[in-house]
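Trainee: 3D, please:
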Amino acid sequence: MRASTALLVACIAAGFAVLAGLGTWQVQRLAWKEALIERVDTRIAGPPRPLREIERLWGETGDVDYWPVEVAGEFDHDAEIYSYLTWKGEPGWNVITPLRLDDGRAVLVNRGFVPDDQIDPQTRPGSQPAGPHTVTGLARNPLLAKPNAFLPDADLAAGKFYWRDFTAMTRAAGLEPASTLSFMVDAGPGEAGDGLPVGGTTLIAFSNNHLQYAVTWYGLALALAGVGIAFMWSRARG
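Mentor: Predicted coordinates:
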């Protein structure tokens with residue numbers, strides 16, 4: 001076999017191995033994503049759990065994402081901050097408010113969406129209930145790193161965030177990390193009745209195109225193998 005032919009065969013074999021490896025990786029990602037979707041579906045279908053149980057799960061696993069929870073306390077509306085959101089095509093903000101618990105601790109609660117022109121509480125009378133309040137919603141794991149580099153940095157002076165920077169949000173709300181729960185709570189729909197904020201804004205949707213990607217990579221691997229075999233056959237006949 002000529003050296004050039006041997007080199008070409010080696011390149012085709014390497015290319016095939018890479019493409020097949022990418023296909024296998026997507027199959028593994030598919031299994032992981034399906035398990036994630038099943039886990040979340042199972043969690044959100046359950047009844048709300050008391051806060052102490054969610055805290056126990058957090059201590060044991062460090063994962064309480066999407067577990068239904070019920071928590072009671074008083075909102076500290078003076079410490080209200082905001083997280084950017086487009087809700088049903090309308091730009092606006094999720095209202096994030098500390099809920100002060102009876103034991104002196106606090107938990108950050110996403111109370112729901114307000115339009116951009118109603119971020120000022122003065123424009124939405126009755127949106128800041130006083131006194132004891134019970135929130136039923138979903139526990140959320142904290143985000144500690146920016147999901148991607150394209151998101152803007154927070155406007156700390158205005159208390160506006162473009163991703164849920166848990167550490168910075170805790171600080172902006174004037175909370176002590178030692179006395180603040182390590183996860184957040186997204187309020188469910190109906191927490192504010194027909195008014196604002198609009199609760200239930202948790203986005204529970206996971207893109208799952210891994211099977212399509214796997215078929216694509218495997219198809220390219222087979223196509224490359226076919227080209228290589230055809231080339232070798234023609235070379236042999238020649």
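Trainee: just the element for residue 211, please.
Mentor: Taking DSSP states H and E as the definition, residue 211 sits inside helix 210-237.
Trainee: do residue 93 as well
Mentor: Using DSSP H and E, residue 93 maps to strand 90-100.
Trainee: from the contact counts, what lies against the longest helix along the chain?
Mentor: In the chain, with assignment by DSSP state H, the single longest helix is helix 3-44. Applying 3 or more CB pairs under 8 Å, 6 or more residues apart in numbering; DSSP states H and E, we find helix 3-44 packed against helix 210-237. All C-beta atoms are positioned from the backbone trio N, CA, C, and that covers glycine.
Trainee: okay, now residue 15: neighbour count?
Mentor: Neighbourhood size, residue 15 [other CB atoms under 10 Å]: 16.
Trainee: you'd agree it is up against residue 225?
Mentor: No. If you go by CB atoms under 8 Å, residue 15 and residue 225 don't touch, sitting 9.1 Å apart.
Trainee: outline the domain layout of this protein.
Mentor: 3-36+208-237, 67-187 (automatic domain parsing).
Trainee: leaving out chain neighbours, which residue sits closest to residue 68?
Mentor: residue 48 (4.3 Å; CB to CB, 6 or more residues apart in numbering).
Trainee: which ones are touching that neighbour?
Mentor: Counting by CB atoms under 8 Å, 6 or more residues apart in numbering, residue 48 touches 68, 69, 70, 136.
Trainee: just for the chain, where's the confidence low?
Mentor: Applying pLDDT under 70 to the chain flags residues 1-3, 191-194, 238.
Trainee: is residue 84 in a bridge, and if so with what?
Mentor: Taking DSSP bridges as the rule, residue 84 bridges to residue 93.
Trainee: could you double-check that it lies in contact with residue 93?
Mentor: Yes. Between residue 84 and residue 93 there is a contact under CB under 8 Å: 6.0 Å.
Trainee: settle it for me: which of those two has more neighbours?
Mentor: The residue with more neighbours, out of residue 84 and residue 93 and counting by other CB under 10 Å, is residue 93; that gives 22 against 18.
Trainee: got the buried residues for stretch 137-146?
Mentor: Buried residues in stretch 137-146, counted by 16 or more other CB atoms under 10 Å: 137, 138, 139, 140, 141, 142.
Trainee: between the two ends of it, how far is it?
Mentor: End-to-end distance for stretch 137-146, by CA to CA, to the nearest Å: 24 Å.
Trainee: gap between that stretch and the chain center?
Mentor: 7 Å (CA atoms, centre = their mean, to the nearest Å).
Trainee: so which elements touch the helix holding residue 211?
Mentor: When contacts are defined as 3+ CB pairs under 8 Å, 6+ apart, helix 210-237 packs onto helix 3-44.
Trainee: how distant is the helix it packs on from the center of its chain?
Mentor: With CA atoms, centre = their mean, you get 24 Å for helix 3-44.
Trainee: now do it and helix 210-237, the angle between them.
Mentor: Between helix 3-44 and helix 210-237, the angle comes out at 170 degrees (axes from the mean of the first three to the mean of the last three CA atoms, to 10 degrees).
Trainee: how many other residues sit next to residue 58?
Mentor: That count, for residue 58 with other CB under 10 Å as the rule, works out to 17.
Trainee: let me redo that: residue 199
Mentor: With other CB under 10 Å as criterion, residue 199 counts 24.
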